[in-house]
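A.B. asks: For reference, the sequence and a predicted model appear below.
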Protein chains: 4
Amino acid sequence: MTNATNSKPIRIGVVGATGYTGVELLRLLARHPAADLQVVTSRGEAGTPVADLFPSLRGAVDAVFQAPDEATLGECDVVFFATPHGVAHGLAAPLLERGTRIIDLSADFRIRDPELWAQWYGQAHGAPQYLDEAVYGLPELNRAQIHDARLIAVPGCYPTAVSLAVLPLLEAGLIDPADVIADAKSGVSGAGRKAQIGGLFAEVQEDFRAYASGGHRHWPEIHQTLSGVAGQSVGLIFQPHLVPMTRGIHATLYLRPQVADADWQACFEQRYRDEPFVDVMPPGAHPQTASVRGTNLCRIALAQPPHSGRLMVLSVIDNLVKGAAGQAVQNMNLMFGQAEIAGLDGLPVFP
Amino acid sequence: MTNATNSKPIRIGVVGATGYTGVELLRLLARHPAADLQVVTSRGEAGTPVADLFPSLRGAVDAVFQAPDEATLGECDVVFFATPHGVAHGLAAPLLERGTRIIDLSADFRIRDPELWAQWYGQAHGAPQYLDEAVYGLPELNRAQIHDARLIAVPGCYPTAVSLAVLPLLEAGLIDPADVIADAKSGVSGAGRKAQIGGLFAEVQEDFRAYASGGHRHWPEIHQTLSGVAGQSVGLIFQPHLVPMTRGIHATLYLRPQVADADWQACFEQRYRDEPFVDVMPPGAHPQTASVRGTNLCRIALAQPPHSGRLMVLSVIDNLVKGAAGQAVQNMNLMFGQAEIAGLDGLPVFP
Amino acid sequence: MTNATNSKPIRIGVVGATGYTGVELLRLLARHPAADLQVVTSRGEAGTPVADLFPSLRGAVDAVFQAPDEATLGECDVVFFATPHGVAHGLAAPLLERGTRIIDLSADFRIRDPELWAQWYGQAHGAPQYLDEAVYGLPELNRAQIHDARLIAVPGCYPTAVSLAVLPLLEAGLIDPADVIADAKSGVSGAGRKAQIGGLFAEVQEDFRAYASGGHRHWPEIHQTLSGVAGQSVGLIFQPHLVPMTRGIHATLYLRPQVADADWQACFEQRYRDEPFVDVMPPGAHPQTASVRGTNLCRIALAQPPHSGRLMVLSVIDNLVKGAAGQAVQNMNLMFGQAEIAGLDGLPVFP
Amino acid sequence: MTNATNSKPIRIGVVGATGYTGVELLRLLARHPAADLQVVTSRGEAGTPVADLFPSLRGAVDAVFQAPDEATLGECDVVFFATPHGVAHGLAAPLLERGTRIIDLSADFRIRDPELWAQWYGQAHGAPQYLDEAVYGLPELNRAQIHDARLIAVPGCYPTAVSLAVLPLLEAGLIDPADVIADAKSGVSGAGRKAQIGGLFAEVQEDFRAYASGGHRHWPEIHQTLSGVAGQSVGLIFQPHLVPMTRGIHATLYLRPQVADADWQACFEQRYRDEPFVDVMPPGAHPQTASVRGTNLCRIALAQPPHSGRLMVLSVIDNLVKGAAGQAVQNMNLMFGQAEIAGLDGLPVFP
């Protein structure tokens, strides 16, 4: 529990903490050994104690929501954005100019090409001048750049689960980059804490469905990451589905080997040997989303479907932790010289 | 509600009705206009009123479980087997010899090759002499043979969902038979009503996982059906997953077109135009398992993943109805000159 | 399935069918042997086919939502209101004047005292002139008056579950009317199909809570019913709770006997002997909400807590059926000379 | 996170850690700053790595199950029993004689009267000589005795939730001890990790029911605790129900004030002011089980039902933490001079 190196507390602001990634971030920060939560903002809930909105934080978080204010936020060492897309665009410049670093959990800086971003998000990019500088905060891929980054784009939930499942194979040139199929399944907290009929318990319970079969916003993000690793534009199918559960993503990858009889298991074990949050399970294992719930872990297992030349990779994360708030804290730890697992060593609550 | 043609009641026996497919079969038969339930057997529960075990049937099913007995069963017009595999093998001969027709919901007569069956089910086939005669009871494929069949092998749940999603394309030669990927997701009632830790609520709730990645018994069944349609051995990947819900299967098919710009939608609509239980949804739809719950329907929709040459088919059924008991009753209706939808016109309970 | 007496079809209008009681009503009417659905209204969804909003009704309901219109509704024999409170007030007069009978599933005509209604519902009563005429549509209590009623107030879900559990005892004078405690638990569909954060899957799943401990709108309704039966103002505590499931109400009643050694079981069995929808279970049974799901049944069992002079009654219904749409259809059957169970003989889907 | 006082590690044995209370105990101990897990036993799983059975503990618990052995266990400072009742009886003497302290999560030492125990548990008490010495491990009631205890009987889950909700009132003489009604609702993990049909997902999902209406084993335990506090035999009704969720207990107490206009809220706030794990919520609040999930907290709120002289207390705990493993660790902390919250300061994972 004492993973933090000795250092002064990190002054932290959180913008937009009324959603599920926000409350998860507050949960993690409340027990982080070096976190000093300075300000939590919400326009709609200004004046409300955070613990009134989220009784799970009673006794642990004393903060009161306040309206976002550049000056106050600018006194923080780092500000997290747990906001819908478009918000971080507007606040990036004033905060960076004051020397405040930014960890953005939204999609605002994930896509390098502002026109591609505009196409998928339906509005013009609001801060393209920072796209070159923004670091895609997947530590397993970009750890070195994260240390000194001023602006982190925390990867999306699906992109995290999918990318970690394919990275080692693409890096090693073991699979055909032109034929990657990712069938992904997510709990419904990924849709956020928004009043909408589609998210009601009675609509979700005892139902399973695909969605966004015409194209999901995480497609260009995954495509960008995998293509960057492969050194060529990857042929990617990404199809998400909705699971009647709150947390968890399971990605099932169907890949085409381009090397016969490679030692797939060794490839993954070596690639992730030193990664604190990636668990390569033994062959034949079936990773369960419940086994990572509430944690920053990604568990991965490989399989070779019988009577088929294909390779299958199974990958699970908690969409709100490794897929959002936990990965954001992992980035913060790297940026501020903390132990990488500081504040992230809680174990999955099972059952 | 009055779909039955005029005819005398069908005398019915049900062997092994203590599981989920069994109780579902009893629910459907209890409201079937021509069904005359004569005998319900269970070795373990002999002497227990059915409604004591299943309070949902109080007031609707008066039968008492009795030990299976060839003579009693042999007085029925038809006997359903809702048993584990291996049981129907032993009773097939005595019943068929007495003129009783058989609708077997187990896997006993689904695979035509007894050696293949033995390999996947871990025991020798017990009644190979009936394999030539047994009809694979998928009405959308074999309606003509079902009418006069003495012995029906009701398809498995996954094979039903997958086969209906691919049949039209294979028949029309529109996809590459060598590259069929079926990513399937099922509610947990498919595992049956057995005392096992893996099926406990606390193990399943808030969890999603793949299983049987080394090979599932429905693989050879699906392979046989699709290969029969394609006229060649199909290249098939079939990967099942467990969804934290009770009922429902969702199959996501990734297929490779071998004809450019075919009218996929028209292909499905024409193929299933007269099918009472297959609903081809409009392009862009996402079929939901909740929309078929408790019914014999299969709903299907097509999609073309962006930036990909592939075709995707989404297919949902209720695993206990179209995937088991409902399809069994549909077969019975065809065998006994009933309206095909007799007893099967209940609507999905939503939400 | 052929419970309808011979009669011409009943021309039916449904106002406000975009909620859960509305879609359940449409499900029941779509398979009712005498129902002729003429018009389904919704201001917000006018022009949308009903089956587009509710895919579970694809192929079964062809109607298109249209804006409510007095003239069109006035051509119906009966109009159901599946609306928020306050709506039926405004349409009652024009419809009744045209000779159209009304079955109101909302709270508009449940409370006889308009001032009490105003106090609990926060607005003036909009049609007090019909309060004397309105019949409280609990067939087990008011069957005779229902036959000829022009205006039915369908009881609330909690009031149905609680009233049926206490009626026989109050009628027989076996319990102390001054000390009735009803601890009730409901699935979340009772809160309706409204976009609100509190109803989101992620808020409800794996949570149990009480609500409305300061007073629930069903308190005055239950109080009125029980007091009417007891002939005196009943001392009533009614505390509702929210269960992480979609359908079902379980009421646990703690009652104080005022007669020693009464035959409680016989009291219930005799009272409900001829009731088609009340099932008195044997002593020691524990009624399960799953055993009535999707049906119009109420199952009841009695218990005597050890080391206590109290009597306990356990009662379950499906809140959307016997607690709303099913009871509404039961009323319609009585009003239009149908068999009481017409269209209501579906069996619970289990599991 | 550094709540432990400086002290040498506590050598710990866990007997019977294959159930849900066992795995929860291992989760808590794995992150406890002073815990040194020496041995984990299971007859059935001897030789299996703990993390093979519970993948949630991969990377955090290296222990391998071994058969229970008095000598090995006797080298521990403390041994936890997470076993069915009857097991701790047999091992208590040899361990206590070796100087090993015992924290028993089973029911073996909760009831002071061995004949009463025998009556409710259906077998003779196996170690009555220790009943005088055993301390009932409810810290809020018996903190002083726990410090020096050799043998702790950890309270049952229901008794914890109910007792904490009534203690302050009975101590202050504010309610009638003759009329206590506890309507309790529990998630299904309370039934343990046993292969039984009643616990299957498909049996529990979308169902709510009462159980044990003829008498539950926690009745004598609650009765003993409350009677001890009241100084007289308490009139108690305790009725448990099963909620379709994994974790959590909600107790709803109906109490009869015997003092007019007492300040109930102040009574609770003062009584629990210094308790680290009891949260008295503001009047009008509705404690949610989700707000304590995975933690050792008990949240309590009061209400006064309208038109009633009664007082209502609402109380929630996580049955596996404050109702079992967490309370066990809290006892250990007190026994071994640790900060009481050591290892117990994780926050609820919400949603």
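C.D. replies: Right, received. Where do you want to start? Residues are numbered from 1 along each chain as shown, chains lettered A, B, ... in the order given.

A.B. asks: can you list the residues of chain A near chain D?
C.D. replies: A:1-2, A:20, A:23, A:27, A:30-31, A:33, A:54-60, A:189, A:205-206, A:246-247, A:279, A:281, A:285, A:287-288, A:290-294, A:297, A:299, A:345-351 (Cβ under 8 Å from any Cβ of the partner chain). C-beta here means a position set from N, CA and C on the backbone, and glycine is covered the same way.

A.B. asks: Show me those residues that map onto strands.
C.D. replies: Among the residues of chain A next to chain D, the members falling in strands (DSSP state E) are A:279, A:299.

A.B. asks: can you pull out the strands in the stretch 101-250 of chain A?
C.D. replies: Secondary structure of the stretch 101-250 of chain A by DSSP state E, counting those that start in this stretch: the strands cover A:101-104, A:135-136, A:151-153, A:175-186, A:209-210, A:236-242, A:249-257.

A.B. asks: any idea of the mean pLDDT for the helix or strand in which residue A:12 is found?
C.D. replies: If you go by DSSP states H and E, residue A:12 is part of strand A:10-15. Taken as a whole, strand A:10-15 has a mean pLDDT of 98.

A.B. asks: what does it contact?
C.D. replies: A:22, A:25-26, A:29, A:34-41, A:68, A:72-73, A:75-83, A:87-88, A:91, A:100, A:332, A:336, A:338 (Cβ atoms under 8 Å, 6 or more residues apart in numbering or on different chains).

A.B. asks: in its sheet, what does it sit against?
C.D. replies: strand A:35-41 (parallel), strand A:78-81 (parallel) (DSSP bridges).

A.B. asks: Packed most tightly, which of those strands would that be?
C.D. replies: Highest mean neighbour count of the strands paired with strand A:10-15: strand A:78-81, a mean of 28 (counted as mean count of other Cβ atoms under 10 Å in any protein chain shown).

A.B. asks: Rounded mean pLDDT for that one, please.
C.D. replies: Per-region confidence: strand A:78-81 scores 98 on mean pLDDT.

A.B. asks: quick one on the thing from earlier: and the strand holding residue A:12, how far out from the chain middle?
C.D. replies: Centroid displacement of strand A:10-15 relative to its chain, using Cα atoms, centre = their mean, to the nearest Å, is 18 Å.

A.B. asks: what's the answer for stretch A:305-314, then?
C.D. replies: Worked out by Cα atoms, centre = their mean, stretch A:305-314 lies 27 Å from the chain centre.

A.B. asks: that older thread, could you export the strand holding residue A:12 as PDB, CA atoms only?
C.D. replies: C-alpha atoms of strand A:10-15 as PDB (Å, rounded to 0.1, in the frame of the first residue of the first chain):
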ATOM      1  CA  ILE A  10       0.200  16.300  -6.300                       C
ATOM      2  CA  ARG A  11      -2.400  19.100  -6.400                       C
ATOM      3  CA  ILE A  12      -5.300  17.800  -8.500                       C
ATOM      4  CA  GLY A  13      -8.300  19.200 -10.200                       C
ATOM      5  CA  VAL A  14     -11.100  17.100 -11.700                       C
ATOM      6  CA  VAL A  15     -13.400  18.700 -14.300                       C
END
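
A.B. asks: what's the angle between the helix ranked longest in chain A and strand A:175-186?
C.D. replies: Ranked by residue count and defined by DSSP state H, the top helix of chain A is helix A:157-171. Angle, helix A:157-171 to strand A:175-186, by axes from the mean of the first three to the mean of the last three Cα atoms, to 10 degrees: 160 degrees.

A.B. asks: Restricting to C-alpha, output helix A:157-171 in CSV.
C.D. replies: Written as CSV, here are the backbone C-alpha positions of helix A:157-171 (Å, rounded to 0.1, in the frame of the first residue of the first chain):
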residue,chain,number,x,y,z
CYS,A,157,-12.1,1.7,-23.2
TYR,A,158,-12.4,-0.5,-26.3
PRO,A,159,-9.2,0.7,-27.8
THR,A,160,-7.3,-0.3,-24.6
ALA,A,161,-8.8,-3.8,-24.5
VAL,A,162,-8.2,-4.4,-28.2
SER,A,163,-4.8,-2.8,-28.6
LEU,A,164,-3.3,-4.7,-25.7
ALA,A,165,-4.6,-7.9,-27.3
VAL,A,166,-2.9,-7.3,-30.6
LEU,A,167,0.2,-5.2,-29.9
PRO,A,168,2.7,-8.0,-29.3
LEU,A,169,1.7,-9.8,-32.5
LEU,A,170,1.8,-6.7,-34.7
GLU,A,171,5.1,-5.7,-33.3
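
A.B. asks: what angle do that helix and strand A:236-242 make?
C.D. replies: Going by the same axes, to 10 degrees, helix A:157-171 makes 150 degrees with strand A:236-242.

A.B. asks: packing partners for helix A:157-171?
C.D. replies: Of the remaining helices and strands, those touching helix A:157-171 by 3 or more Cβ pairs under 8 Å, 6 or more residues apart in numbering or on different chains; DSSP states H and E are helix A:139-148, strand A:175-186, helix A:218-230, strand A:236-242, strand A:249-257, helix A:264-271, strand A:298-303, strand A:311-317.

A.B. asks: Please compute how far that helix lies from its chain's middle.
C.D. replies: Remark: helix A:157-171 is offset 12 Å from the chain centroid, using Cα atoms, centre = their mean.

A.B. asks: Same question for stretch A:202-209.
C.D. replies: Here the centre of stretch A:202-209 is set off from its chain's centre by 25 Å, with Cα atoms, centre = their mean.

A.B. asks: Could you do stretch A:306-321 as well?
C.D. replies: Taking mean C-alpha positions (Cα atoms, centre = their mean), stretch A:306-321 and its chain are 17 Å apart.

A.B. asks: Let me know whether stretch A:211-229 sits next to chain B.
C.D. replies: Yes - Stretch A:211-229 lies within reach of chain B by Cβ under 8 Å from any Cβ, at A:211, A:213, A:214, A:215, A:219, A:223.

A.B. asks: what comes up buried for that stretch?
C.D. replies: A:212-213, A:216-229 (16 or more other Cβ atoms under 10 Å in any protein chain shown).

A.B. asks: Number of residues surrounding residue A:104?
C.D. replies: Look at residue A:104: counted by other Cβ atoms under 10 Å in any protein chain shown, it has 28 neighbours.

A.B. asks: How much space separates it from chain D?
C.D. replies: Distance of residue A:104 to chain D, given as Cβ to the nearest Cβ, to the nearest Å: 22 Å.

A.B. asks: Show me how far stretch A:99-109 is from its chain's centre.
C.D. replies: 13 Å.

A.B. asks: Retrieve the pLDDT associated with residue A:264.
C.D. replies: Taking residue A:264 on its own, its pLDDT is 96.

A.B. asks: Could you list the residues in contact with stretch A:87-103?
C.D. replies: Counting by Cβ under 8 Å, 6+ apart, A:13, A:15-16, A:68, A:70, A:73-81, A:104, A:106, A:108-109, A:125-127, A:129-130, A:137, A:149-152, A:154, A:328, A:331-332, A:335 sit against stretch A:87-103.

A.B. asks: What mean pLDDT does that stretch get?
C.D. replies: Here the average pLDDT along stretch A:87-103 is 97.

A.B. asks: Report the distance from that stretch to the chain centre.
C.D. replies: Centroid displacement of stretch A:87-103 relative to its chain, using Cα atoms, centre = their mean, is 20 Å.

A.B. asks: cool, stretch A:149-156 as well?
C.D. replies: Here stretch A:149-156 is found 10 Å from its chain centre; the criterion is Cα atoms, centre = their mean.

A.B. asks: Would you mind listing what in the stretch 151-300 of chain A touches chain C?
C.D. replies: A:187-189, A:193-197, A:199-206, A:244-246.

A.B. asks: export the helices and strands packed on helix A:157-171 to TSV and tack on distance to residue C:273?
C.D. replies: Output for the helices and strands packed on helix A:157-171, formatted as TSV (distance: least, Cβ to Cβ, whole Å):
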stretch	distance to residue C:273
helix A:139-148	70
strand A:175-186	51
helix A:218-230	61
strand A:236-242	47
strand A:249-257	53
helix A:264-271	68
strand A:298-303	59
strand A:311-317	55
